[in-house]
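A.B. asks: Quick one, structure for this:
(chains A and B)
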Amino acid sequence: DAGVTQSPTHLIKTRGQQVTLRCSPKSGHDTVSWYQQALGQGPQFIFQYYEEEERQRGNFPDRFSGHQFPNYSSELNVNALLLGDSALYLCASSLEVRNNEQFFGPGTRLTVL
Amino acid sequence: GQSLEQPSEVTAVEGAIVQINCTYQTSGFYGLSWYQQHDGGAPTFLSYNALDGLEETGRFSSFLSRSDSYGYLLLQELQMKDSASYFCAVGLDWGGSYIPTFGRGTSLIVHP
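C.D. replies: Numbering: from 1, shown residues only, chains lettered A, B, ... in the order given. Presented below is the predicted three-dimensional model:
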């Protein structure tokens, strides 16, 4: 049973560029959440997707957007990259939106130069 | 607003017992979770407390006191592989969704 997978594992971009990160949830899971984890910090909630819609959103600007596909996989898009966007981006899946147990993927390490 | 406090670092020796505390201030509290994260790895769910009391899972136990806004993670029979960061996460009810808010993490260093 495959767990949560993310691609790519590492990415280097320059300021002003756009990036798309991808996530496949654990088999059977229908809810995907995205987090940003800066070095030495805990994961910060970006948004949650369920039934192809954004259910909840954390304190992140509109430059951060996402999408969920019918097969429950998800994308995170970040436009107009800033140096401060450099972080580990984690995807987590769960079965339904009220489930307290989240399964995290290995993350995408984004570096903005 | 919300706040979560946990120690930044804890050290212990193999075979010992260590307790990582977490205090929180928040509204809409749903429960307290604990996650383990090794360097460069994915956070892994360890435990969840919605009610007061102790939950035991093997060598790990987690405790919650809702009236004191306090919880802890207890690790027994420490092993070198337990060296990792441990995060407490307050579960908030956001319009029917369970959204965990993570603390800054506690780095546990286990010495031989």
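A.B. asks: Endpoints of stretch B:14-21, how far apart?
C.D. replies: 20 Å (CA to CA, to the nearest Å).
A.B. asks: Contacts for it, please.
C.D. replies: B:6-7, B:10, B:12, B:70-80, B:86, B:88, B:106, B:108, B:110-112 (CB atoms under 8 Å, 6 or more residues apart in numbering or on different chains). No exception for glycine: its C-beta is placed from N, CA and C like everyone else's.
A.B. asks: can you pull out the strands in the chain?
C.D. replies: If you meant another chain, say so; for now it's chain A. Along chain A, the segments classed as strands by DSSP state E run A:5-7, A:10-13, A:19-24, A:31-37, A:44-50, A:53-57, A:64-68, A:74-78, A:87-94, A:103-104, A:108-112.
A.B. asks: actually chain B
C.D. replies: Residue ranges of the strands in chain B, as given by DSSP E, are B:3-5, B:9-13, B:18-25, B:29-37, B:44-49, B:53-57, B:60-65, B:70-75, B:84-94, B:97-102, B:106-111.
A.B. asks: weakest of those in terms of mean pLDDT?
C.D. replies: Lowest mean pLDDT within those: strand B:97-102, a mean of 88.
A.B. asks: Extract the CA atoms of that strand and return them as CSV.
C.D. replies: Extracted in CSV, the C-alpha atoms of strand B:97-102 (Å, rounded to 0.1, in the frame of the first residue of the first chain):
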residue,chain,number,x,y,z
SER,B,97,-12.6,20.3,9.2
TYR,B,98,-9.9,19.1,11.6
ILE,B,99,-6.9,21.4,11.1
PRO,B,100,-3.7,20.8,13.2
THR,B,101,-1.7,23.8,14.3
PHE,B,102,1.9,22.7,15.0
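A.B. asks: partners of it in the sheet?
C.D. replies: Using DSSP bridges, the strands paired with strand B:97-102 are strand B:84-94 (antiparallel).
A.B. asks: buried stuff in the partner strand?
C.D. replies: B:84-92, B:94 (16 or more other CB atoms under 10 Å in any protein chain shown).
A.B. asks: And for stretch A:65-78?
C.D. replies: For stretch A:65-78, by 16+ other CB under 10 Å, it's A:65-66, A:68, A:72-76, A:78.
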